[in-house]
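[1] structure, please.
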Amino acid sequence: MVKNKSVATASVFVLWFAFANAQQPASRAVLTTQDYIDIQQLIARYAVAIDECTNNGYDYAALYTDDGWFSASRDGRAGTKWQGRERLAAAARGNMKTCDEVPWKGIKHMYVNHVITPTAEGATGRIDLIAIGLDGDPHKVEHQGHYEDVYVKTAKGWLFQSRVHVLAPGQAEVSSGRKPDAQR
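    Next up, the predicted model:
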């Protein structure tokens, strides 16, 4: 009798497990621990590339797929898209000729509350932006909205397919850092 009860319990568990797994969306990929780490490193490289404007903005552009794009928005819908290597490098420079002229020079970007969600194509993410050093004041800190990201795994590793900066209410389109004369 105990033997039959154990078999019945095991059978019910197997059926429940099969049913539960059948209810999971098949459209989601499984991300490994390394995938999560690599996506977080992509975000860290983004912060350095935008803060330091390395390689005249081309290090920033290299964080995107060949057809990847960036946009800023007040409502979460993509506006003007900065797409392609040249346009993305220009975006990293604040659409200036050189990195020395970047309007946000001196600001440090911190990304917090990163949520990564697996998808069939790779992953999506949402992350808040905190800027430090606005208007040349190293103590001035501001929440500057969040990013809505689409990540894809490529032969070069994880890259942005798209990134939309959803500006915080009342936030300036472009934040100012140190004035160029204050840099010296």
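[2] so the spatially most central residue of the chain, which of the three states?
    Geometric centre of the chain, nearest residue: residue 149, 4.7 Å, by C-alpha atoms, centre = their mean. At residue 149 the chain is in strand, as set by DSSP: H, G, I helix; E, B strand; the rest coil.
[3] wait, doesn't it sit right on residue 166?
    No - look at residue 149 against residue 166 with C-beta atoms under 8 Å: they stay out of range, at 11.0 Å. All C-beta atoms are positioned from the backbone trio N, CA, C, and that covers glycine.
[4] tell me, how many residues neighbour the residue nearest to residue 49 when sequence neighbours are not counted?
    Nearest residue to residue 49 in three dimensions, chain neighbours excluded: residue 60, at 3.9 Å (C-beta to C-beta, 6 or more residues apart in numbering). Using other C-beta atoms under 10 Å, residue 60 has 24 other residues around it.
[5] where does residue 60 fall, phi/psi-wise?
    phi -60, psi -50 (degrees, to the nearest 10).
[6] what do you get for residue 166?
    Per-residue torsions, residue 166: phi -90, psi 110 (degrees, to the nearest 10).
[7] any idea how far residue 38 is from the residue nearest to residue 49?
    18 Å (C-beta to C-beta, to the nearest Å).
[8] just residue 86 next, same as before
    Residue 86 is 26 Å from residue 38, by C-beta to C-beta.
[9] the two: which is more packed in?
    residue 38 (15 against 12).
[10] so who does the residue nearest to the centre of the chain touch?
    By C-beta atoms under 8 Å, 6 or more residues apart in numbering, residue 149 lies in contact with 124, 125, 126, 127, 160, 162, 163, 164.
[11] which among these count as buried?
    124, 125, 127, 160, 162, 163, 164 (16 or more other C-beta atoms under 10 Å).
[12] all helices for the chain, in order.
    In the chain, the segments counted as helices under DSSP state H are 2-23, 33-52, 58-61, 85-92.
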